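Novice: here's my sequence, what's the structure:
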Amino acid sequence: MPDISTISTFYYENQLIIDISGVLIASICGMLFIWFLFAALPSHWSAKQTRFKTSHLVRIARLPAVYSIGMIGIGQLLTFTPDGLKSTLNSVVLTLAVILWGQYIYRASQFLLKNISSQSPEEGIIRPHTLPLLENLAAVINVLLAVYLIFLVWHIDMTAWLASAGIVGIAVGFAAKDTLANLLSGVFILADSPYKIGDYIVIDTGERGKVTHIGLRSTRLLTRDDLEINIPNAIIANGKIINESSGRHVKSRVRVPVSVAYGSDLEQVKALLLEVAEQESQICIDPEPRIRFRVFGASSLDLELLVWIDDPEIRGRVVDALNTAIYNSFNANHIEIPYSKQDVYIKSLPEQK
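Specialist: Residues are numbered from 1 along each chain as shown. Here you go, the predicted structure:
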C-alpha cells in the first residue's frame, strides 16, 4: 500500500495534470446534472401548466445552461495558460456566453409575447396586430444589448462609437425624413390599430380595398379590381380613414337610394322595397331591412333602402342585385321612376322667305 509521502510526491510531480483532470471531471458532472435537471423539470410542470407555460422556458434554457457550466470549467482551465493568451481566450468564452444567452432571451421573449397575445387577444397592448411590432422591438433591444456586452467583454471604449452614432443619426434623420415619417406612422398605426389585416377601408383620396399587409413603411390594399395599392403610412396617418369592417358589430350597412315620382303610393313603394330586400339571400335578417323617406326632391320623392351585410367585400354585388330587383318590381307594379326632363318653349318661328 503506497504511503502518504509517495502520494504527495506523485501529486506534486503531476499537479497540472491532476488539476486539469479535476476541472474536466467536475465540469462534465455539472453539465450532466444540469442537463438531466432541466429535462426533468418540464415534465414535472407539464401536469400543472401555468399561463406562461414555464416548462417551455425551462426546456429552451437547458442548452445555454449546460454550456454555461462548461464555460465555467473552461474559465478555470484558462488559469493554467499564460497571461497574454488567458485574456484573449477569456474574452472568447464570455462572447460565446453572451451569444448563447442572447439567443435564449430572444426566443423566450418571442414565446412570451405570442403567449400573452393569444391569452388576451382583445385587451392590453399585446394583441395579434401589435405582435409583429413588439417582436421586432424586442429583437432590436436584444441585439443592441448583446453588442454592448460583447464590446465590454473585449474592453472596447463605447464613447467614441456613441458620439459617431449620434452624428450619423442626425445626418440620416435629415436625409431620410420622409422614410422616418413613414416608419413612425407605421409604429403608431400598429399601436393604435385603426384597422387590421382583412379589414375593408376607404382613405380620403378615394381608394377602397382590403388590407393585406401592414408594414412599418407602408400599407397594402387589394381593391375589387384585383389591383394592389401600396400607400405610405404617413399619408394614412395624416388622413381620414373609413373602416367598413369596424364598429360595434361585424356587419356593415348598405344604403340604396331610390326615387319615385310624385303621386306614387308610398306605402306600396315601401312594401315593395321590403319584399325585394327579404328575397335577397346575401342580406342579413337581423337587423332587419328598413326604409327611410329622406326628402322631397325637385322632381321625385327620395327614399333609402337600408340593409345589412356580413362582409364588406360583397357590397357591390348586393347593390347591383337590389337595384335590378327594385327596377323590375317597380316596372311590374307600374310605379314611375322619374328622370330628368326639359321642356323647350318656342315663342316664335323665323319668317320664311
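Novice: from now on I want contacts and neighbour counts done on CA atoms only, so please keep to that.
Specialist: Will do.
Novice: just the pLDDT at Asn243, thanks.
Specialist: Looking at Asn243, its pLDDT stands at 90.
Novice: can I assume it is in contact with Tyr200?
Specialist: Yes. Asn243 lies in contact with Tyr200 (CA atoms under 8 Å); the separation is 6.1 Å.
Novice: higher neighbour count, those two?
Specialist: Using other CA atoms under 10 Å as the criterion, Asn243 and Tyr200 rank with Tyr200 on top: 23 against 19.
Novice: wait, that one sits on Glu244?
Specialist: Yes. Using CA under 8 Å, Tyr200 is in contact with Glu244, at 5.4 Å.
Novice: which neighbours do the two share?
Specialist: Each of Pro312 lies in contact with both Tyr200 and Glu244 under the rule CA atoms under 8 Å, 6 or more residues apart in numbering.
Novice: domains in this structure, by residue range?
Specialist: Structurally, the chain divides into domains by automatic domain parsing as follows: 7-167, 188-243, 252-332.
Novice: reformat those as TSV; add distance to Tyr339.
Specialist: Shown next, in TSV, are the domains of the chain (distance: least, CA to CA, whole Å):
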stretch	distance to Tyr339
domain 7-167	49
domain 188-243	28
domain 252-332	8
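Novice: where among those domains is average confidence lowest?
Specialist: Among those, domain 7-167 scores lowest, at a mean of 75.
Novice: now do the strands in the stretch 201-350 of the chain.
Specialist: 208-214, 218-222, 228-232, 241-243, 252-260, 290-296, 301-309 (DSSP state E, counting those that start in this stretch).
Novice: burial of Asp286, as a residue count?
Specialist: Per other CA under 10 Å, the neighbour tally for Asp286 reads 10.
Novice: how close does it sit to Val187?
Specialist: Using CA to CA, to the nearest Å, Asp286 is found at 37 Å from Val187.
Novice: list the beta-bridge partners for Ile229.
Specialist: Leu221 (DSSP bridges).
Novice: what's the answer for Val295, then?
Specialist: Listed by DSSP bridges, the beta-bridge partners for Val295 are Asp302.
Novice: what about it, distance to Val276?
Specialist: Using CA to CA, Val295 is found at 22 Å from Val276.
Novice: quick one: the helices in the protein?
Specialist: Here the chain has its helices, by DSSP state H, at 4-13, 15-46, 54-77, 83-119, 131-153, 159-175, 177-192, 233-237, 266-279, 315-332.
Novice: could the ones you listed go into a markdown table alongside mean neighbour count and distance to Lys341?
Specialist: Putting the helices of the chain into a markdown table (neighbours: other CA atoms under 10 Å; distance: least, CA to CA, whole Å) gives the following:
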| stretch | mean neighbour count | distance to Lys341 |
| --- | --- | --- |
| helix 4-13 | 11 | 119 |
| helix 15-46 | 15 | 80 |
| helix 54-77 | 18 | 77 |
| helix 83-119 | 17 | 61 |
| helix 131-153 | 16 | 59 |
| helix 159-175 | 11 | 60 |
| helix 177-192 | 18 | 50 |
| helix 233-237 | 20 | 43 |
| helix 266-279 | 17 | 22 |
| helix 315-332 | 15 | 19 |
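Novice: quick one: closest of those helices to His249.
Specialist: helix 315-332 (16.2 Å; CA to CA).
Novice: quick one: contacts of the closest one?
Specialist: Applying CA under 8 Å, 6+ apart, the contact partners of helix 315-332 are Val254, Val256, Leu272, Leu273, Val276, Ala277, Glu280, Gln282, Ile283, Ile309, Glu336, Ile337.
Novice: farthest pair in those?
Specialist: Ile309 and Glu336 (28.4 Å).
Novice: the two: which has the busier surroundings?
Specialist: Set Ile309 next to Glu336 and count neighbours by other CA under 10 Å: Ile309 wins out with 20 against 16.
Novice: does the more buried one touch Ser245 like I think?
Specialist: No. Here Ile309 lies out of contact with Ser245, judged by CA under 8 Å, at a distance of 10.6 Å.
Novice: anything in contact with each of the two?
Specialist: Shared contacts of Ile309 and Ser245 (CA under 8 Å, 6+ apart): Lys251, Ser252.
Novice: ok, back up a step: of the helices of the chain, which is nearest Asp343?
Specialist: Closest approach to Asp343 among the helices of the chain (CA to CA): helix 315-332, 24.8 Å.
Novice: alpha carbons only: can I get that closest one in PDB?
Specialist: Output of helix 315-332 as PDB, limited to C-alpha atoms (Å, rounded to 0.1, in the frame of the first residue of the first chain):
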ATOM      1  CA  ARG A 315     -71.200  45.400 -51.100                       C
ATOM      2  CA  GLY A 316     -71.000  45.900 -54.800                       C
ATOM      3  CA  ARG A 317     -72.800  42.600 -55.600                       C
ATOM      4  CA  VAL A 318     -75.600  43.400 -53.100                       C
ATOM      5  CA  VAL A 319     -76.200  46.900 -54.500                       C
ATOM      6  CA  ASP A 320     -76.300  45.500 -58.000                       C
ATOM      7  CA  ALA A 321     -78.800  42.800 -57.100                       C
ATOM      8  CA  LEU A 322     -81.100  45.200 -55.200                       C
ATOM      9  CA  ASN A 323     -81.100  47.800 -57.900                       C
ATOM     10  CA  THR A 324     -82.000  45.200 -60.500                       C
ATOM     11  CA  ALA A 325     -84.800  43.700 -58.400                       C
ATOM     12  CA  ILE A 326     -86.200  47.200 -57.500                       C
ATOM     13  CA  TYR A 327     -86.300  48.200 -61.100                       C
ATOM     14  CA  ASN A 328     -88.100  45.000 -62.100                       C
ATOM     15  CA  SER A 329     -90.600  45.300 -59.200                       C
ATOM     16  CA  PHE A 330     -91.400  48.900 -59.900                       C
ATOM     17  CA  ASN A 331     -92.000  48.100 -63.600                       C
ATOM     18  CA  ALA A 332     -94.300  45.200 -62.800                       C
END
